[in-house]
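[1] Okay, here's the prediction I keep looking at, along with the sequence it came from:
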Amino acid sequence: MADDSHDMVEVLLPLALEGPLSYLASRSLGLVPGDYVAAPLGPREMIGVVWETRPLTPTNMKLRDIIGKFDMVPMAALHRRFVDWVSTYYLEPAGNILRMCLRAPAALEGERQQIAYVASGAEPQRLTPQRRRALDVAKDAPALRAGELAELAGVGLSVVKGLIGEGALKPVTLPAMRAFPEPQPLGLKLKLTAEQEIAARDLRALVAERGAHVALLDGVTGSGKTEVYFEAMAAALAGGSQILLLVPEIALTQQFLTRVEERFQAEPAAWHSELRPRERERVWRGVGEGRARIVVGARSALFLPWRKLGLIVVDEEHEGAYKQEDGVPYHARDMAVVYGNLGKFPVILSSATPSLETLVNVDRGRYRHVTLKDRHGRPELPRIDLIDMRQTKLGADAWISPALDEAVRDTLAAGEQALLFLNRRGFAPLTLCRACGFRIECPNCAAALVEHRFRRQMQCHHCGFTQPVPQSCPSCGATESLVSCGPGIERLADEAASRYPDARIVVLSSDLSRGTLLRDALRDVTRGEYNLIIGTQLVAKGHHFPQLTLAGVVDADLALESGDPRAGERTWQLMAQVAGRAGRGEKPGRALIQTYLPDHPLMQSLHRGDRDGFLAQEKRIRQEAGLPPYGRLVAIIVSGNEAGETEQFSRWLARRVVEARGIRVLGPAPAPIALVRGRYRWRFLIKAGRETNVQAFVRAWLNGVKPRGSLKIDIDVDPYSFL
Ligand code: ADP
Ligand code: ZN
């Protein structure tokens, strides 16, 4: 209907389309850029965001009408610019970025009364297993909406509706959503030490300047970085801004949230993947309306509909969890800096082991450097000693050396906590047949199945495939011939249980991370209910265990053997973080590292506590190889269901490469894990100078390329995984 009562609007939809789509909009809707609208697409109705409005001009296109506008504050212009920026940088359709911004669509419907359901106590006439599951969930949970209940119980909506119809579930009206309490800048502030006070002053000044400045808050574990960046947050609060405190997902514990709450005397909003839908809606809308002032969130919190974001703090900025690997592969720390740049507000990166990228930005004068040297109440990081495993005889099924064993015994005897660290989930990473040499592999992936004895399963860590542990060799049929090779954390726990029968042992790994199990376990460790903690990298991250005085690393060489350019940096960070878990309370701590490479420069600098020495060498290696942050990388991953077709397509792509100055295309080569989830994988690695526009190169290269059938091209700008 093209008349002068209509405007034309460009609406971005959360789909992998080239750009926004044009629609007609009745002028009475009063649409402005940023408005959330319902728009028709084929037979569907979708939520989109108005990207542009303009007067109606004659067009040959048959435009459809916008269906309606949601009653919601429009998405801020800055946020829309951010979406466009992320899209261009990661060579990803803007609609895919928008999809990350629309993670709580029901929030657009406002706080209208909502009906939820509770178990009424009445039994339904027919009790199918699915109905039983739904009722069990309803009995244990607070009132849930029909959709939530179906999702949690893993049943269809019709099952829930059936139960409602028969009166087994009865409706209740949900109370209005909780308000967001106003945080108090002064709150409950600790008396800072002189050094902390200087750092806090620098950060407050940074906030007061209200410019696009980035500061690295660099201080050993326990030096009080959190207390210090709280001061910057307080300053931003006083200035009226919203604040985002980004944490690696796993560190988003109740312990940490409570700490923020105590400091600011108000419960912060939390944002992570495990939020219940209703809470997600509350936070999304609260942020969009500017009512939620402090959000403590995992990386995706960047894409909340911010209104007046004025400070981002990235805690543990070196953390790998900030890189999203599936969906849109983006790096939340880097995008936080981008957001600050676009919005002209400060960003604080905090870490005890900053990334090389960030340190080089400090060297280049782009980031300020705020340091804390004193470990609060402790003079220094714990002493790190190396145990030379080449000189150590281990018994069968033993991974703990005599030296480490003795240290654990002493620690337990003294009534303190010890940590044994091994970065490998499950019981054993590899199972072989002694009779025929067969190794048990995943049917979908070119990778060994990992035995998880606790669950009595063989598991693929790439695709999630599971099967029972076989009784005999699947290849030659021999019985009692299968041997578990190498240690996983469960096997280490077995060894510890037999060595220290009186110890109160807890195993902490991401296998626990579902639900509240992990949170409870962490709380119990803090309370001292366990005295021997066996953990994967999960325990290295930011947790504060005051009674822990010994950190023992069972195998420090694991990561070093990979082909990853950041392997050295990661090993350093991990070792320093693990060691940093020890001695955070009253008593001093120490760390012991078992290694077959005790002469490796990295191990030596760990032992000497020589961070600068390690960094200098690591920078030299990267610079000579033109690796980040001295050069740029883009990975292109080609995958498909057929081996031959995938290879041919990759080779065809290689022939399309046009030479460009400052850019080298390596590959294609079969990926180190050449088969994942039944898909064959080939990789290209693009190496480019720091100043080259590598995105333009990739766009030109892949322009017009349309992978057919099962073939797919994934682009990973600034890759962190090389598998
Ligand atoms: P980081 O973030 O550098 O690891 P934290 O801020 O978590 O360090 O501080 C470590 C511990 O020391 C915390 O329990 C914190 O409450 C305490 N702490 C830090 N600074 C002070 C201070 N000035 N006064 C009292 N306790 C402090
Ligand atoms: Zn698999």
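    Arrived safely. Ligands and ions are numbered 1, 2, ... in the order given.
[2] Please count neighbours and contacts with C-alpha atoms only from this point.
    Fine.
[3] The closest residue in space to E267 that isn't next to it in sequence is in what secondary structure piece?
    Leaving aside its sequence neighbours, E267 sits nearest to E261 (Cα to Cα, 6 or more residues apart in numbering; 4.7 Å). Taking DSSP states H and E as the definition, E261 sits inside helix 254-264.
[4] Restricting to C-alpha, output that helix in CSV.
    Extracted in CSV, the C-alpha atoms of helix 254-264 (Å, rounded to 0.1, in the frame of the first residue of the first chain):
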residue,chain,number,x,y,z
GLN,A,254,27.4,-17.1,43.7
GLN,A,255,30.5,-16.4,45.7
PHE,A,256,31.5,-13.6,43.3
LEU,A,257,28.0,-12.2,42.9
THR,A,258,27.7,-12.0,46.7
ARG,A,259,30.9,-10.1,46.8
VAL,A,260,29.6,-7.5,44.3
GLU,A,261,26.3,-7.3,46.2
GLU,A,262,28.1,-6.7,49.5
ARG,A,263,30.3,-4.0,48.0
PHE,A,264,27.5,-2.1,46.4
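[5] Now look at that helix and say if it contacts ligand 1.
    No - shown here: helix 254-264 not in contact with ligand 1 (Cα under 6 Å from any ligand atom), separated by at least 8.4 Å.
[6] Now for L41, how many residues are close by?
    Around L41 there are 11 other residues, counting by other Cα atoms under 10 Å.
[7] And it, how close does it get to C473?
    54 Å (Cα to Cα, to the nearest Å).
[8] Just the buried positions in stretch 670-677, please.
    670-671, 674-677 (16 or more other Cα atoms under 10 Å).
[9] rewinding a little: right, and the helix or strand after the helix holding E261?
    Assigned by DSSP H and E, the successor of helix 254-264 is strand 269-271.
[10] one step back: could you measure from the residue nearest to E267 over to F230?
    Counting by Cα to Cα - E261 and F230 are separated by 11 Å.
[11] neighbour-wise, which of those two wins?
    F230 (22 against 19).
[12] so what's the more buried one closest to, chain neighbours aside?
    Nearest one to F230, counting by Cα to Cα, 6+ apart, is R263 at 7.8 Å.
[13] check contacts around that neighbour.
    Residues counted as contacts of R263 (Cα atoms under 8 Å, 6 or more residues apart in numbering) are 187-189, 230.
[14] taking those one by one, which sit in helices?
    If you go by DSSP state H, the contacts of R263 have F230 in helices.
[15] contacts for the strand or helix carrying R632?
    Element membership for R632 (DSSP H and E) is strand 631-640. Residues outside strand 631-640 that contact it (Cα under 8 Å, 6+ apart) are 623, 626-627, 646, 650, 679-690, 694, 710-719.
[16] what about burial for these, which qualify?
    Going by neighbour count (16+ other Cα under 10 Å), the contacts of strand 631-640 have 626-627, 646, 650, 679-690, 694, 711-719 buried.
[17] In helices, which of these fall?
    646, 650, 694.
[18] got CSV for the residues you listed, with pLDDT and distance to G568 too?
    As requested, those are exported to CSV (pLDDT from 0 to 100; distance: Cα to Cα, whole Å):
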residue, pLDDT, distance to G568
T646, 97, 32
S650, 97, 31
V694, 96, 26
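[19] And the longest strand out of those in the chain, what does it pack against?
    Secondary structure of the chain per DSSP state E: the longest strand is strand 663-676. When contacts are defined as 3 or more Cα pairs under 8 Å, 6 or more residues apart in numbering; DSSP states H and E, strand 663-676 sits against helix 643-655, strand 679-689.
[20] could you dump the ones you listed to a markdown table with distance to H369?
    Output for the helices and strands packed on strand 663-676, formatted as a markdown table (distance: least, Cα to Cα, whole Å):
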| stretch | distance to H369 |
| --- | --- |
| helix 643-655 | 43 |
| strand 679-689 | 26 |
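[21] Select, out of the ones you listed, the one closest to G535.
    For those, proximity to G535 was assessed by Cα to Cα; strand 679-689 is nearest, at 31.9 Å.
[22] what does the average pLDDT come to for the closest one?
    Throughout strand 679-689, pLDDT has a mean value of 96.
[23] what about the residue of the stretch 251-400 of the chain found nearest ligand 2, neighbour count?
    Relative to ligand 2, the nearest point of the stretch 251-400 of the chain is D326 (16.0 Å; Cα to the ion). By other Cα under 10 Å, 9 other residues sit near D326.
[24] any idea which element it lies in?
    Counting by DSSP H and E, D326 is part of no helix or strand.
[25] Confirm R519 sits in a helix?
    Yes - counting by DSSP: H, G, I helix; E, B strand; the rest coil, R519 falls inside a helix.
[26] I'd guessed it sits against L257; true?
    No - using Cα atoms under 8 Å, R519 is not in contact with L257, being 11.8 Å away.
[27] which of the residues in the host helix or strand of A576 are buried?
    A576 belongs to helix 567-580 when assigned by DSSP H and E. For helix 567-580, a neighbour-count test (16+ other Cα under 10 Å) marks 568-580 as buried.
[28] What distance do you get for L174 to L144?
    From L174 over to L144 (counting by Cα to Cα), the distance is 9 Å.
[29] picking up where we left off before, return the member of the ones in helices among the buried ones among the contacts of strand 631-640 nearest to ligand 1.
    Among these, V694 lies closest to ligand 1 (Cα to the nearest ligand atom), at 36.7 Å.
[30] Now for that closest one: which residues touch it?
    632, 634, 663, 688 are the contacts of V694 under Cα under 8 Å, 6+ apart.
[31] So what's the residue count around the second one?
    Okay, so that is V634. Neighbours around V634, by other Cα under 10 Å: 21.
[32] From L412, how far out is the nearest residue to it once chain neighbours are set aside?
    The shortest distance from V634 to any non-neighbouring residue, by Cα to Cα, 6+ apart, is to V717 (4.5 Å). From V717 over to L412 the distance is 47 Å, taken as Cα to Cα.
[33] D363 too?
    Applying Cα to Cα to D363 and L412 gives a distance of 44 Å.
[34] returning to what we had before: what subset of the contacts of R263 is buried?
    Applying 16+ other Cα under 10 Å to the contacts of R263 flags F230 as buried.
[35] Quick check: neighbours of the next helix or strand after the helix holding A576 in the sheet, parallel or antiparallel?
    With elements assigned by DSSP H and E, the helix or strand that comes after helix 567-580 is strand 590-595. Here strand 590-595 has these sheet partners by DSSP bridges: strand 383-388 (parallel), strand 548-553 (parallel).
[36] element containing F82?
    helix 77-89.
[37] got a list of contacts for that helix?
    Contacts for helix 77-89 (Cα under 8 Å, 6+ apart): 33-34, 51, 92-94, 97-98, 305-306, 335, 338-339, 342-343, 695, 717.
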